[in-house]
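In: Sequence and predicted structure are below.
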Amino acid sequence: MKSIASAPGKIILFGEHFIVYGGRAILCSIDRHITVESELTDTGKIEIRSDLGQATILRDDPMDRVDQVLRPIAFVAQRMLREFNSGSGMRVVVTAGFPAGVGLGSSSACCVAAAGSISGLFTQYTKEEILKIAIDAERTIFENTSGADCSVCTFGGIIEYHRHGEINRIDADAMLQFVVANSKMTHSTSEVVSRVRRYKENNPAIFSLLCRQEESLIEDALDAIRQNDLRGVGQKMSQNQKFLEQIGVSNETLDSMVSLASRTAYGSKITGAGDGGCTISLVDEANIGSTVMALGANYECFATKIDTVGLRQKKE
Ligand code: PMV
């Protein structure tokens, strides 16, 4: 029997960086998935295969023997074998439907899909239970993860995430569509976050004004999302981009991607830490083709909708 689970990636619509100082962020899942297939074997070993690498480990091998990118999967496999007192081996295969390491939540989606697939070999946990395992798995590589990415990958849809950990689902019928474009520039989230901290320390008054403006922008953006007002949401995204430019997390490439997309899309901005990674541009049927064409000439890009389901599980 194979247990198969998939979980969507995510984008940040509003609030990145400012959330570090107590605000909130709006995240949504996208209809690109990471899929994990697992089955029990009689080898007594855990074999992991993914686009990012391979590993063969034993049930009690220490985590630091496992390559970083595969650690969350190894963690879930070991935990489930122990939990269900199984002496079996296991084969786990990961397939990514979107690029890794560019702020689209690939590691969280992988943790959620791995938790869903591997636990499915033994039992049927609720999504809440699977989310807890996924967050523990993500902690093997990001000790201080907020859990926001794993939450949106598990439940799908749009969520509002507060710094102190509260996560609310936003009920909206809005069928938002985006064009995601990949700058292919690598970035380090922690470095960018530190740079923003320095900006805040050197410009306390400006930064505190920006935090207040961001908060009120998010309030208005939520109203626009609930009313399915694409122009309104797009305008707020472009305004959010201005704030991100002001705190220094954009760069020439990202600026030019945003300005290219803004000619046709309702709005465009960086998603996530910045300094590289991806931009998102809000579109609908009327301007999706022209926006993909404009960005696609120079950047890898794809159109996506919100995934409202989140984690999916099946057995074969
Ligand atoms: O680049 P991502 O998707 O991991 O997003 C980082 C979001 C920040 O606000 C910049 C950092 C954080 O911990 O909230």
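Out: Thanks, I have the structure now.
In: what are the phi and psi values for the nearest residue to Arg195 once chain neighbours are set aside?
Out: Leaving aside its chain neighbours, Arg195 sits nearest to Gly248 (6.4 Å; criterion: C-beta to C-beta, 6 or more residues apart in numbering). The way it works is simple: take the backbone N, C-alpha and C, and place the C-beta from them, glycine included. Note on Gly248: its backbone torsions stand at phi 80, psi 30 [degrees, to the nearest 10].
In: Then Ile12?
Out: phi -100, psi 120.
In: Find the residue closest to it in space, skipping its chain neighbours.
Out: Using C-beta to C-beta, 6+ apart, the closest residue to Ile12 is Thr271 (5.0 Å).
In: what's near enough to touch the one you found?
Out: 11-13, 16, 103-104, 180, 277-280 (C-beta atoms under 8 Å, 6 or more residues apart in numbering).
In: Tell me the one of those residues nearest Arg163?
Out: Relative to Arg163, the closest of the contacts of Thr271 is Glu16; by C-beta to C-beta it sits at 12.0 Å.
In: I'd assumed Ala273 was in contact with that closest one.
Out: Yes: using C-beta atoms under 8 Å, Glu16 is in contact with Ala273, at 6.7 Å.
In: Specify which residue of these two has the higher count of neighbours.
Out: Comparing Glu16 with Ala273 by other C-beta atoms under 10 Å, the one with more neighbours is Glu16, at 28 against 22.
In: Please, which helix or strand holds the more buried one?
Out: Glu16 is part of no helix or strand, with elements assigned from DSSP states H and E.
In: Next one: it, what pLDDT does it get?
Out: With respect to pLDDT, Glu16 scores 95.
In: can you check the one 10 residues further on too?
Out: pLDDT, the model's per-residue confidence, is 97 for Ile26.
In: related to what we said a few turns ago, relative to Ile206, how far out is the residue nearest to Arg195?
Out: Gly248 is 12 Å from Ile206, where distance means C-beta to C-beta, to the nearest Å.
In: what's the answer for Asp136, then?
Out: On the measure of C-beta to C-beta, Asp136 and Ile206 end up 39 Å apart.
In: got it, and Met1?
Out: Taken as C-beta to C-beta, the span from Met1 to Ile206 is 58 Å.
In: Just list whatever residues bridge to the residue nearest to Ile12.
Out: Cys278 (DSSP bridges).
In: oh, and call the first residue 17 from now on, that's how I've got it
Out: Done: numbering now begins at 17, and the last item shifts to Thr287.
In: how many other residues sit next to the residue in the stretch 167-316 of the chain positioned nearest to the ligand?
Out: Taking C-beta to the nearest ligand atom, the ligand has its nearest neighbour within the stretch 167-316 of the chain at Gly288, 2.7 Å off. Other residues near Gly288 come to 26 when the count uses other C-beta under 10 Å.
In: neighbour count winner among Asp152 and Ile222?
Out: Asp152 (18 against 13).
In: What are the boundaries of the strands in the stretch 67-216 of the chain?
Out: 69-73, 105-112, 174-178, 183-186, 193-198 (DSSP state E, counting those that start in this stretch).
In: strands paired with the fourth one, and their directions?
Out: Within its sheet, and counting by DSSP bridges, strand 183-186 is paired with strand 174-178 (antiparallel).
In: So what's the gap between the longest helix along the chain and the chain middle?
Out: In the chain, with assignment by DSSP state H, the single longest helix is helix 220-242. Mean C-alpha position of helix 220-242 versus that of the full chain (C-alpha atoms, centre = their mean, to the nearest Å) differs by 22 Å.
In: for the following helix or strand past that helix, packing partners?
Out: Using DSSP H and E, the helix or strand that follows helix 220-242 in sequence is helix 246-262. The elements that helix 246-262 packs onto, with contact taken as 3 or more C-beta pairs under 8 Å, 6 or more residues apart in numbering; DSSP states H and E, are strand 19-30, helix 220-242, helix 268-278, strand 283-287, strand 294-299.
In: how about these, which one is nearest Cys44?
Out: strand 19-30 (6.0 Å).
In: Need the residues that contact stretch 59-78.
Out: 57, 81-83, 85-86, 89-90, 93-94, 97-98, 103-112, 116, 126.
In: Quote the end-to-end distance of it.
Out: Using C-alpha to C-alpha, to the nearest Å, the span of stretch 59-78 from its first residue to its last is 19 Å.
In: Thanks a lot, catch you later.
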